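> attaching a predicted model along with its sequence, questions to come.
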Amino acid sequence: MTVLLAVRPDFSLPAVVRSHGWIQMVPFAELPDGGLSYIVRLSCGIVVRFTVQAITSGLRVDTTDILSVEEQSELQETITWMLGLEQDFGKFYQLARQEPKLAKMVERKAGRVLRSPTLFEDVIRTILTTNTLWQHTLKMCRELVRRFGDPLPTNHDLHAFPTPERLALENEATFREQIRMGYRAPYVVNLAQVVASGVLDLEDYKTSSLPMPQLRKELMKIIGVGGYAAANLLMLLGRYDYVPVDSWALKVVSNEFFGGAPITPKQVLTTFERWGEWQGLAYWFWDWKVN
DNA sequence: GGTAGACCTGGACGC
DNA sequence: GCGTCCAGGTCTACC
């Protein structure tokens, strides 16, 4: 079935889809026209594949199944969150237009960051990106989805991202041996268990009114989420007043602003401080020198 | 608050 | 084929 969605004038679907590496991780996939394909498990338990494509009047959403009114509504809410359709970048674009290194991103209508349907999923993905090579991250995610995600009824080779409840049934050894997660295994087990049991309501953070420093502290209470991971999650939550500093950030900021000399994470943060509530975005979409 | 070392995997490299 | 080195963040212990 087909559903149409309206978007703001500053929205670009390919810009969101290609905003970062999530699109390379199952069950995300990019369509040839820059659109999005994703397999989602709705709250009623059905697994649906949907595609999103840009059309003149906004977005066209096609699903593999006929959905009830409630399911359609849930799917629309999910897509709105995933693509950041609710976000307004007017104020940021005004500032960014005055910075040559951000001119291209304004032109591309970039700024939105592709999100998973749930924060639980984004936390797991983020943990899988830490302290390893990107190819290993992709492999861990692929195996996690293939082994524990509910299959698409029309194609059992495709799966939705596993639920906290499903992952909470597994133990550390399974994740170490089958998913090759290494020391990250207890982090994932713990997160699945606290979310599945209701001890931690991660999805509540999507609408949290906590100031950034407190929200960052809350995120860092999750075992396996340190400074970088928390900053990355803040970006995904639409909080852009902090920069996710990893080894890449140290490298590009050093090359751009410090002549390639070794720098500290604090120097990265100081460099982007002037962007205030938008510093995360300014860093993320900066037109970095490529060496 | 800052620092050092352990934790894991997988790719690159030398033998 | 085997061993070694390295990259990549987080946690814990210690100062």
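Yep, it's here. Numbers count the residues shown, from 1 in each chain, chains lettered A, B, ... in the order given.

> spatially central residue for chain A, please.
Among the residues of chain A, the one closest to the centroid is residue A:115, at 3.5 Å (C-alpha atoms, centre = their mean).

> that one reaches residue A:236, doesn't it?
Yes: in this structure, residue A:115 is within contact of residue A:236 by C-beta atoms under 8 Å, at 5.3 Å. For every residue, glycine as well, the C-beta is placed using N, CA and C.

> hmm, back to that, part of a strand, is the residue nearest to the centre of chain A?
No: membership of residue A:115 in a strand is not supported by DSSP: H, G, I helix; E, B strand; the rest coil, which gives coil.

> residues touching it, list them.
By C-beta atoms under 8 Å, 6 or more residues apart in numbering, the residues touching residue A:115 are A:22, A:81, A:82, A:83, A:84, A:122, A:236.

> do the same with residue A:261
Residue A:261 touches residue A:254, counting by C-beta under 8 Å, 6+ apart.

> look at it and report its pLDDT.
In this model, residue A:261 is scored at 83, pLDDT.

> so it, which state does it fall into?
Quick answer, by three-state DSSP: residue A:261 is coil.

> what's the spacing between it and residue A:271?
As judged by C-beta to C-beta, to the nearest Å, residue A:261 and residue A:271 stand 13 Å apart.

> thinking again about what came up before, just the pLDDT at the residue nearest to the centre of chain A, thanks.
So, for residue A:115, pLDDT stands at 97.

> do the one 5 residues further on as well
pLDDT, residue A:120: 96.

> check residue A:266 too.
87.

> can you check residue A:290 too?
In this model, residue A:290 carries a pLDDT of 65.

> for chain A, what lies in contact range of DNA strand B?
A:131, A:132, A:133, A:135, A:136, A:139, A:176, A:180, A:181, A:182, A:183, A:266 (C-beta under 7 Å from any atom of the strand).

> again, only using 10 Å
A:130-140, A:143, A:172, A:175-177, A:179-186, A:264-266 (C-beta under 10 Å from any atom of the strand).

> can you flag the buried ones in the residues you listed?
A:130, A:137, A:138, A:140, A:143, A:172, A:175, A:179, A:181, A:184, A:185, A:265 (16 or more other C-beta atoms under 10 Å).

> go through these and name the one nearest DNA strand B.
Comparing those against DNA strand B with C-beta to the nearest atom of the strand places residue A:181 closest, at 6.6 Å.

> skip the chain neighbours and tell me the closest residue to the closest one.
residue A:175 (4.5 Å; C-beta to C-beta, 6 or more residues apart in numbering).

> do you know how far that neighbour is from residue A:226?
Computed as C-beta to C-beta, the residue A:175 to residue A:226 distance reads 19 Å.

> please apply the same query to residue A:119.
17 Å.

> the two: which is more packed in?
residue A:119 (22 against 14; other C-beta atoms under 10 Å).

> backbone phi and psi for the residue lying closest to the more buried one once chain neighbours are set aside, please?
Nearest-residue entry for residue A:119: residue A:202, 4.4 Å, with adjacent residues in sequence omitted and distances by C-beta to C-beta, 6+ apart. Per-residue torsions, residue A:202: phi -60, psi -40 (degrees, to the nearest 10).

> repeat for residue A:199
Dihedral angles (degrees, to the nearest 10) for residue A:199: phi -60, psi -40.

> and it, how many neighbours?
What residue A:199 shows, counting by other C-beta under 10 Å, is a neighbour count of 8.

> in the stretch 1-150 of chain A, what residue is nearest DNA strand B?
residue A:136 (4.2 Å).

> can you list the residues of chain A near DNA strand C?
Counting by C-beta under 10 Å from any atom of the strand, chain A sits next to DNA strand C at A:126-127, A:129-134, A:136-137, A:182-184, A:186-187, A:190, A:219-233, A:244-251, A:265.

> pLDDT below threshold where in the stretch 101-250 of chain A?
For the stretch 101-250 of chain A, no stretch has pLDDT under 70.

> in it, which residue sits nearest DNA strand B?
As assessed by C-beta to the nearest atom of the strand, DNA strand B sits closest to residue A:182 within the stretch 101-250 of chain A, at 2.6 Å.

> so who does the nearest residue to residue A:102 once chain neighbours are set aside touch?
The shortest distance from residue A:102 to any non-neighbouring residue, by C-beta to C-beta, 6+ apart, is to residue A:96 (3.9 Å). Neighbouring residues of residue A:96 by C-beta under 8 Å, 6+ apart: A:102, A:103, A:105, A:106, A:278, A:282, A:285.
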